[in-house]
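*Asks:* Any chance you could fold what I've pasted below:
(one chain, ligands or ions: 1)
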Amino acid sequence: MLSIEPLNQADIPATANLHRQNLRLGLFPKLGRHFLGLYQESFARSPYGIALVARDEDAVVGALFGTTSNAEHYRWVTRNFGSKLALAGCGAMITRPQVALDFARTRAGRYARGVARHIGLLPSVSSASNGAPRPVSVLSHIVTDVNVRRRGIGRRLIEGFADRATVQGVHRALLVTEEGGLGTPFFERLGCRLVGRHKSQDGATLREYRLILDEEGAYEDLDGGRVAYTVVRAYPKRLGAAPSLSQRP
Ligand SMILES: CC(C)(COP(=O)(O)OP(=O)(O)OC[C@H]1O[C@@H](n2cnc3c(N)ncnc32)[C@H](O)[C@@H]1OP(=O)(O)O)[C@@H](O)C(=O)NCCC(=O)NCCS
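*Replies:* This is a model prediction of the structure:
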């Protein structure tokens, strides 16, 4: 029987494998299983992270990683996992020179600024901005085993994320997926709303979606104070496609 559970340390070899084989976007999958395992563990340990597995009997058949507050999560990860991740990343790049070159070309500056902010050489983003920004929850990665797709496991993982995030006061989450990838029809089927398109550092076209996690979030403040009904609605127990306009209350 399928269950959705928090990720255990013992699940990590299987979830790192799923990640590496099925989620090709970005730098991290290219850094190998050891790096991915540490990266996934950081979601499981962070107080702002959510790490779930889908288990069928004893087999891990899917995984999801997300945050309830992305900025707090990455601050926590920098403090508590930063050196381990940096060591694992550097170790992986020594044996992957092309990945090292891509990193230097596309990301080294941004990471250096992050470290400088962390050690106080640059002002932190939050202290530089006016007022406290609202926490942003991000659904970072979802993957199911290729042999069990289209059986509702991805949907169950998203429902598990919604259950846990709403308990912590989160009403909506952002997610980014590659245009033309498997995530696009899946997220649209679950009623996610397209909010933007942009290019990644590697040149891929990305789509940014908003996922409403509970009914309370159906009315939300958009565009700096304009209160609008979002056509996207999701249901705590069964996330679904947006209702047609005639079904609106
Ligand atoms: C995206 C992914 C997680 C979906 O997992 P899944 O277990 O197949 O999803 P589900 O079976 O729960 O699908 C939920 C709904 O989306 C639909 N759906 C899922 N994949 C779809 C696809 N490729 N095309 C059209 N519809 C799709 C299902 O039919 C289902 O609709 P229904 O409930 O009305 O029947 C899986 O395809 C995957 O791991 N892809 C590779 C990794 C990836 O691209 N992740 C997303 C970016 S982070």
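
*Asks:* got the contact list for the longest helix along the chain?
*Replies:* Counting residues, the longest helix found in the chain (DSSP state H) is helix 70-94. Identification of contacts with helix 70-94 by CB atoms under 8 Å, 6 or more residues apart in numbering yields 30-32, 34-35, 38-39, 41-43, 45-49, 67, 99-100, 103, 114, 118, 125-126, 133, 135-138. C-beta coordinates here come from the backbone N, C-alpha and C atoms, glycine included.

*Asks:* mind listing which of these are in helices?
*Replies:* Among the contacts of helix 70-94, the ones falling in helices (DSSP H) are 32, 34-35, 38-39, 41-43, 45, 99-100, 103, 114, 118, 125-126.

*Asks:* and those, which are buried?
*Replies:* Neighbour counting with 16 or more other CB atoms under 10 Å marks 32, 35, 38, 39, 41, 42, 43, 99, 100, 103 as buried within the ones in helices among the contacts of helix 70-94.

*Asks:* buried stuff in the longest helix of the chain?
*Replies:* By 16+ other CB under 10 Å, the buried positions in helix 70-94 come out as 70-78, 81-82, 85, 88-89, 92-93.

*Asks:* tell me the two of those residues that are most distant?
*Replies:* 72 and 93 (27.9 Å; CB to CB).

*Asks:* give me the low-pLDDT residue ranges for this protein?
*Replies:* Scanning the chain with the threshold set as pLDDT under 70 gives 125-133, 215-249.

*Asks:* That one: strands as residue ranges?
*Replies:* If DSSP state E is used as the criterion, the strands of the chain fall at 2-6, 49-56, 59-67, 137-144, 172-178, 193-199, 205-212, 219-222, 226-229.

*Asks:* ok, residue 102 touching residue 27?
*Replies:* Yes. Counting by CB atoms under 8 Å, residue 27 is a contact partner of residue 102 at 7.1 Å.

*Asks:* Now do the same contact list for the residue nearest the centre of the chain.
*Replies:* By CA atoms, centre = their mean, the chain has its centre lying nearest to residue 140, at 0.8 Å. Residue 140 is in contact with 43, 65, 66, 67, 175, counting by CB under 8 Å, 6+ apart.

*Asks:* List buried residues within those residues.
*Replies:* Buried members of these, scored by 16+ other CB under 10 Å, are 43, 65, 66, 67, 175.

*Asks:* now, which of the residues you listed lie close to the ligand?
*Replies:* Among these, not one lies near the ligand by CB under 6 Å from any ligand atom.

*Asks:* and the two most separated of the residues you listed?
*Replies:* Based on CB to CB, the longest span within these runs between 43 and 175 and measures 14.4 Å.

*Asks:* Tell me the residues on the chain that lie near the ligand, please.
*Replies:* When proximity is defined by CB under 6 Å from any ligand atom, the chain lies next to the ligand at 22-23, 141-144, 149-155, 177, 181-183, 185-186, 189.
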